[in-house]
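K.L.:
Need coordinates for the below:
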Amino acid sequence: MTASTGYCTVPDVRRALQRAEFTGPLEMDNKQTVVHAITSQGQWLRSQTSRHWYEPTGLDEDEFDIIPTEPKTHNGEEQDIPSTPHAGPSQMQVAAAKQARYPLRNNDPFTRIRLDKHYVGEVTGLEVKEPTGAYTDWVADDSYTEDRDWSLYVEPGTTSSPSFIDLRAGKIPSLSNYDNAVRVSYSYGSEGIPMGVRRATAMKAAAQLLAPDDEASLGIPENANLQAVETKVGALERQAEELLEVYL
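P.N.:
Next up is the predicted model:
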């Protein structure tokens, strides 16, 4: 996958401009500017939705290799372990003065942690904090077993598919503070770019290119009606937001 990816193609942007009845030229020497607009909107979309989409075999019209073809990696995500001051039935009571805390069994016998990204496919690292301050990777350490000691759960869905890590509460070390006690690394992404996402990305890229600050990039004449251009920009932004509403 290329370093910079986006969720539509240059022809998608051209079609969005045509639907907006924009008549300015989209010359070959401006295409890198279009690519930049697409990839910048891709970064924005990932940050806003916590989602990633990819096409394993790419798209034929993607001459600039913008379309991602594989899941994205996300490393070292820090998460708190939900905890409670109350010991469970099988846990020894500790004097309140010691302010002991215990992992919260919110999916008994597991402690469930929600991950930042949707569509998680593979957990490559699951580092849990020890009382010494060091971390033990439950994925790499043979003394921890997937499904028995930890597991990945991904809610099924097309527009929303939140992902969770379950840790067996009895295996979690005793800590006085469970903040940032887990570091998770994983791959995430959904196969197939929804047409709504593709169209919305093209509209937002087109709006970026039409914005007054960037008008020279598309060759808008100096005597163009900028009020009309701004109206088209606003319309493109609104349509894109409507398409993305289910993901935001």
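
K.L.:
for the nearest residue to residue 237 once chain neighbours are set aside, helix, strand, or coil?
P.N.:
Distances taken as Cβ to Cβ, 6 or more residues apart in numbering place residue 207 nearest to residue 237, at 5.1 Å, with adjacent residues excluded. Heads up, the C-betas are built off the backbone N, CA and C, glycines and all. Assigned with DSSP: H, G, I helix; E, B strand; the rest coil, residue 207 falls in the helix class.

K.L.:
residues contacting residue 207?
P.N.:
Taking Cβ atoms under 8 Å, 6 or more residues apart in numbering as the definition of contact, the neighbours of residue 207 are 232, 233, 236, 237, 240.

K.L.:
likewise residue 135?
P.N.:
Applying Cβ under 8 Å, 6+ apart to residue 135 gives the contacts 127, 128, 129, 183.

K.L.:
Residue 78 versus that one, what's the distance?
P.N.:
The spacing between residue 135 and residue 78, counted by Cβ to Cβ, to the nearest Å, is 11 Å.

K.L.:
shared neighbours of these two, anything?
P.N.:
A shared contact of residue 135 and residue 78, defined by Cβ under 8 Å, 6+ apart, is any residue touching both; here these are residue 183.

K.L.:
thinking again about what came up before, which of the contacts of residue 135 fall in helices?
P.N.:
Counted as lying in helices by DSSP state H, out of the contacts of residue 135, is not a single one.

K.L.:
Okay, and which of those residues map to strands?
P.N.:
Members of the contacts of residue 135 lying in strands (criterion: DSSP state E): 127, 128, 129, 183.

K.L.:
tell me which of these is nearest to residue 143?
P.N.:
residue 128 (11.9 Å; Cβ to Cβ).

K.L.:
ok, that closest one - contacts?
P.N.:
Taking Cβ under 8 Å, 6+ apart as the definition, contacts of residue 128 comprise 135, 136, 138, 167, 172, 173, 181, 182.

K.L.:
List the beta-bridge partners for it.
P.N.:
Beta-bridge pairing of residue 128, defined through DSSP bridges, involves residue 136, residue 182.

K.L.:
And it, how far from residue 178?
P.N.:
The separation that residue 128 has from residue 178, given Cβ to Cβ, amounts to 10 Å.

K.L.:
Just the buried ones from the ones in strands among the contacts of residue 135?
P.N.:
Among the ones in strands among the contacts of residue 135, those that count as buried by neighbour count (16 or more other Cβ atoms under 10 Å) are 127, 128, 129, 183.

K.L.:
Enumerate every residue touching residue 151.
P.N.:
So residue 151 contacts 110, 165, 166 (Cβ under 8 Å, 6+ apart).
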